[in-house]
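Participant: below is the sequence, then the predicted model.
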Amino acid sequence: DTGVSQNPRHKITKRGQNVTFRCDPISEHNRLYWYRQTLGQGPEFLTYFQNEAQLEKSRLLSDRFSAERPKGSFSTLEIQRTEQGDSAMYLCASRSRAGGKMNTEAFFGQGTRLTVV
Amino acid sequence: DQQVKQNSPSLSVQEGRISILNCDYTNSMFDYFLWYKKYPAEGPTFLISISSIKDKNEDGRFTVFLNKSAKHLSLHIVPSQPGDSAVYFCAASAVGGGKLIFGQGTELSVKP
């Protein structure tokens, strides 16, 4: 297991199209996070899962965005009817409760760069 | 509402000298703090963390200091190396280990 894997690395789409990104977390990490990052800003929280349960969604997340983690392993993030403002780097991270500890580091994937034209 | 703030967008340091990156937070419920390093077109890489029950954590050239009363943390890199040039983000997590909240980042440039 080499870490968090995200696919695709790059996606160019026309405005109005739907896109889906996939994230494969580190094995046995029960928590999975999606973030969005634009130039000059820090990663912005979108949503997170503990196992298959989606525990929190950012109020900034419009109803065009949906995320799933059906079996508590990989996750998908779908954006419907993309807009130019959706252009960003989409990052996935996973985190474990090692030894019962609540606070551990999160490991990030390489990200998916989305460009909406 | 920016709960985690990095007020210096950039920092330039000479190789071999100390780099000090600062971070302030507003939420008293934060109990775990992390620093990440990011190169362009890559995901953030974890560097070092600190729990709120400590005021210092050291790992090689990297030391993180936490001042809870001032709601301030800092990352010290000694000695700085050109390979340390990157964007550094601080992040915080509240009790229960949920989402990480990130600052805006500080771009460190270490000049030979």
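Facilitator: Sure, I can see it.

Participant: now residue 70: closest residue in space, sequence neighbours ignored.
Facilitator: Chain wasn't specified; assuming chain A. A:Glu52 (6.3 Å; C-beta to C-beta, 6 or more residues apart in numbering or on different chains). No exception for glycine: its C-beta is placed from N, CA and C like everyone else's.

Participant: looking at chain B here, not the other one
Facilitator: B:Asp24 (8.0 Å).

Participant: assess the claim that that neighbour and B:Lys5 are in contact.
Facilitator: Yes - using C-beta atoms under 8 Å, B:Asp24 makes contact with B:Lys5 at a distance of 4.8 Å.

Participant: look at these two and report which has more neighbours.
Facilitator: B:Asp24 (18 against 15; other C-beta atoms under 10 Å in any protein chain shown).

Participant: who's the more buried one bridged to?
Facilitator: With DSSP bridges as the criterion, B:Asp24 is bridged to B:Lys5, B:His72.

Participant: now A:Ala93
Facilitator: A:Tyr33, A:Phe108.

Participant: residues contacting it?
Facilitator: A:Ala93 makes contact with A:Val4, A:Leu32, A:Tyr33, A:Tyr35, A:Ala106, A:Phe107, A:Phe108, A:Gly109, B:Gly43, B:Leu100 under the criterion C-beta atoms under 8 Å, 6 or more residues apart in numbering or on different chains.

Participant: same thing but at 7 Å, please
Facilitator: Applying C-beta atoms under 7 Å, 6 or more residues apart in numbering or on different chains, one finds that A:Ala93 lies in contact with A:Val4, A:Tyr33, A:Tyr35, A:Ala106, A:Phe107, A:Phe108.

Participant: next secondary structure element downstream of the lowest-mean-pLDDT helix or strand in chain A?
Facilitator: Confidence across the helices and strands of chain A bottoms out at strand A:53-57, with a mean of 92, counting by mean pLDDT, DSSP states H and E. Tracing the chain past strand A:53-57, the next element assigned as helix or strand by DSSP states H and E is strand A:65-68.
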